[in-house]
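> Just need the structure, nothing else, for what follows:
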Amino acid sequence: MHFFLPLVLLQSSALPTIDELRLSECIELAGKDAPSAIIEGSKWRQENGGWRADICLANGYARNFEFARSLPYFEAGADAASQETDERANLFWLQAGNAAIAADRPKDAVRYFDRALAKGAMSDADRAEALIDRARAHVGAGQEAQAKTDLFAVRRLAPENAMGWLFSATLARRNGELADAQSFIATAASLAPTDPAMALEAGNIAAAAGDLAAARTQWELTGALAPDSRQAKTAKMRLAELGGMTDNEGASEQTEGAADGR
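Prediction:
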């Protein structure tokens, strides 16, 4: 997920200009004092600061959790940077896409991720991350076939990416493709054996398949791996739901849910 980018990625490879330094300072300010970054970005835009002012303001709003308000500025800034062939433009499109997901505007997110991926100047690992993000947006937009295509590409581009396998497992489970889901989550768990999200989803898949003993084992493991995590909290609720259920009732109840705790 490329929501907040390291400052080094927001700096041009050319010698820094005054505007570049101002952008870097604004991005840093957004991480420490988002309201002040919003004020700075607004002032800079009034001074005709161009796309850098837009990106400054967008980051201020995003860091202030005003995701919907950040979108027009991310889009304007990314579009103008693209027209200037700035090497960071696709990173700005990725920021826009993740802000759109956070704003519950998945169709806009897909459009922004399309722009990022169209540029082509990414490593396989970075492209895989962007495809995972676009798959999330596709699911949010009810476009599960497109999400499945993106995740297939992730598994080919970056077979070492555990999250690609995890999201593949979740989507397969939701579609009732339990054999695929079990295969995908086994690979994910082998790549990230101490990640509680893997154990949580393994439990979800086991429950969907009617194996409540295995589900219980995986959900207990989730809590053991990271007791204070949100995955552990979800696993605890799942375990509580198992109390007093028959196998059939439990399987029915647990077919919903996802790697993020649903």
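> What segments of this protein are strands?
Here the chain has no strands by DSSP state E.
> can you pull out the helices in the stretch 1-150 of the chain?
Secondary structure of the stretch 1-150 of the chain, counting by DSSP state H, counting those that start in this stretch: helices at 18-32, 34-46, 50-63, 67-83, 89-102, 106-119, 124-140, 144-157.
> Now tabulate these in a markdown table and tack on mean neighbour count and mean pLDDT.
Where C-beta positions appear, they are placed from N, C-alpha and C, glycine not excepted. Output for these, formatted as a markdown table (neighbours: other CB atoms under 10 Å; pLDDT from 0 to 100):
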| stretch | mean neighbour count | mean pLDDT |
| --- | --- | --- |
| helix 18-32 | 17 | 95 |
| helix 34-46 | 18 | 98 |
| helix 50-63 | 26 | 97 |
| helix 67-83 | 21 | 97 |
| helix 89-102 | 26 | 95 |
| helix 106-119 | 20 | 95 |
| helix 124-140 | 22 | 96 |
| helix 144-157 | 18 | 98 |
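> In TSV: the ones you listed, plus distance to residue 234.
TSV is the format used below for the helices of the stretch 1-150 of the chain (distance: least, CB to CB, whole Å):
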stretch	distance to residue 234
helix 18-32	29
helix 34-46	29
helix 50-63	26
helix 67-83	24
helix 89-102	20
helix 106-119	22
helix 124-140	18
helix 144-157	22
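> among those, which is nearest residue 194?
Smallest distance to residue 194 across the helices of the stretch 1-150 of the chain (CB to CB): 20.1 Å, for helix 124-140.
> what separates the residue nearest to residue 158 when sequence neighbours are not counted from residue 163, distance-wise?
Nearest residue to residue 158 in three dimensions, chain neighbours excluded: residue 128, at 3.6 Å (CB to CB, 6 or more residues apart in numbering). Using CB to CB, to the nearest Å, residue 128 is found at 9 Å from residue 163.
> again with residue 25
Distance of residue 25 to residue 163, given as CB to CB: 32 Å.
> cool, residue 153 as well?
14 Å.
> Leaving out chain neighbours, which residue sits closest to residue 75?
residue 96 (5.7 Å).
> Equivalent analysis for residue 164, please.
Using CB to CB, 6+ apart, the closest residue to residue 164 is residue 154 (3.7 Å).
> now swap in residue 115 and tell me
Residue 115's closest residue in space is residue 93 (CB to CB, 6+ apart), at 4.4 Å.
> In contact with the one you found: list those residues for me.
Listed by CB atoms under 8 Å, 6 or more residues apart in numbering, the contact partners of residue 93 are 78, 82, 112-113, 115-116, 119.
> can we see that at 6 Å?
Contact partners of residue 93, counting by CB atoms under 6 Å, 6 or more residues apart in numbering, are 78, 112, 115-116.
> got those as CSV, with distance to residue 32 columns?
Below are those laid out as CSV (distance: CB to CB, whole Å):
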residue, distance to residue 32
78, 24
112, 26
115, 29
116, 27
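> Quickly name whichever of those residues is closest to residue 20.
Closest to residue 20, out of all of these and judged by CB to CB, is residue 78, at 16.6 Å.
> residues in contact with the nearest residue to the closest one once chain neighbours are set aside?
Excluding its sequence neighbours, the residue lying closest to residue 78 (CB to CB, 6+ apart) is residue 92, at 3.7 Å. Residues in contact with residue 92 (CB under 6 Å, 6+ apart) are 77-78, 81.
> Show me the shaky parts of the stretch 151-262 of the chain.
For the stretch 151-262 of the chain, applying pLDDT under 70 flags the ranges 244-262.
> got the residue ranges for the helices in it?
Using DSSP H, counting those that start in this stretch, the helices of the stretch 151-262 of the chain run over residues 162-174, 178-191, 196-208, 212-225, 230-242, 247-253.
> so which of those comes closest to residue 107?
helix 162-174 (18.3 Å).
> Just want the angle from the closest one to helix 178-191.
Relative orientation of helix 162-174 and helix 178-191, computed by axes from the mean of the first three to the mean of the last three CA atoms, to 10 degrees: 160 degrees.
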